[in-house]
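> below is the sequence, then the predicted model.
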Amino acid sequence: MKLREIQIDNLYKFTRQHFVYHYDVQTELVDHLANDIEKIWEENPKISFEEARDKSFKKFGVFGFMDVIEAKQKQMNKRYWHLLLRFVKEWFTLPKVITTLLIFLGVFCLIQIPFAEIAIVSVLLILAVFEMVAAYRIRKEHKAKEKTDEKIFLLEAMIGTTKNSFTGFTFINLFNFINLTEFDFSGLNIYWLLLVAATVTLLFIFFYVANYVLPQKAEELLQETYPEYKLVKNL
């Protein structure tokens with residue numbers, strides 16, 4: 001016995017009720033549940049759809065769909081970082097490498113002036129605040145989409161929020177380190193200054209790619225990752 005369309009829709013609602021919010025993860029679970037329900041019906045044709053669904057769900061254990069969600073998040077997190085590094089590498093090819101060198105030289109000159117740590121701390125604080133405000137706005141938009149049952153893909157959410165787990169926390173940690181230890185750049189030799197300038201330059205590139213490049217290319221990247229993305233969004 002095959003599931004009817006109304007029963008498939010019920011499975012989507014069922015996964016959402018059990019805290020699965022992203023459409024691609026829902027679809028994977030719905031496929032698994034549907035196949036398992038059909039097998040249960042082959043063994044016991046008299047059992048109702050709801051009983052078969054609940055019996056299939058119990059096979060996921062006490063944590064329900066959480067293990068599947070975590071596995072998909074890890075998988076998509078690797079995909080996100082692959083995309084991030086792909087666009088970061090472009091900054092070390094012409095003509096962007098010239099911009100990269102200019103940023104490096106600017107930071108290198110900046111950290112050699114008196115009280116450079118104050119300027120660095122101020123910039124880090126501004127960037128960290130910017131990240132937190134952007135993350136709050138994006139989460140608010142996603143919550144609004146969830147209420148209207150708009151389909152959100154896992155990578156779509158990550159492009160808006162995962163970046164904050166890297167750049168935001170990195171900026172905050174650097175801010176705390178420089179501020180609390182009263183770090184003085186003037187006491188560093190030329191090699192340490194070069195290393196600091198290179199590290200800050202790399203962080204700025206990651207920040208720019210995560211906050212501007214990936215969001216601008218989101219539609220293209222989502223269609224590249226999910227062949228069904230455009231079709232689903234147009235429903």
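Ah, there it is. Quick caveat, the model's predicted, so the values are computed rather than measured. Numbering: from 1, shown residues only.

> what distance do you get for the most centrally placed residue in the chain to Gly61?
The residue lying closest to the centre of the chain (Cα atoms, centre = their mean) is Met158, at 2.1 Å. According to Cβ to Cβ, to the nearest Å, Met158 and Gly61 sit 26 Å apart. All C-beta atoms are positioned from the backbone trio N, CA, C, and that covers glycine.

> got it, and Glu70?
13 Å.

> who touches the helix or strand containing Leu29?
Assigned by DSSP states H and E, Leu29 belongs to helix 23-43. Helix 23-43 has contacts (Cβ atoms under 8 Å, 6 or more residues apart in numbering) with 1-3, 8, 11-12, 14-16, 20, 47, 49, 52-53, 55-57, 59, 65, 68-69, 72, 151-155, 226, 232.

> which segments of this structure make up each domain?
5-64, 76-233 (automatic domain parsing).

> by mean pLDDT, show me the worst of these.
Among the domains of the chain, domain 76-233 carries the lowest mean pLDDT, at a mean of 79.

> from the chain's centroid, how far away is that domain?
12 Å (Cα atoms, centre = their mean, to the nearest Å).

> same check, this time on stretch 47-59
33 Å.

> touching that stretch from outside, list them.
With Cβ under 8 Å, 6+ apart, stretch 47-59 has contacts from 3, 7, 10-11, 14, 18, 33, 36-37, 40-41, 44, 64.

> now Leu202: how far from Phe57?
Relative to Phe57, and taking Cβ to Cβ, Leu202 is found at 46 Å.

> so between these two, which is more surrounded?
Taking neighbours as other Cβ atoms under 10 Å, Leu202 and Phe57 compare with Phe57 leading, 19 against 15.

> tell me the spacing between the more buried one and Phe63.
Relative to Phe63, and taking Cβ to Cβ, Phe57 is found at 12 Å.

> again with Tyr23
Taken as Cβ to Cβ, the span from Tyr23 to Phe63 is 21 Å.

> between these two, which has more neighbouring residues?
Looking at Tyr23 and Phe63 with other Cβ under 10 Å, you find the greater number of neighbours at Tyr23, namely 23 against 10.
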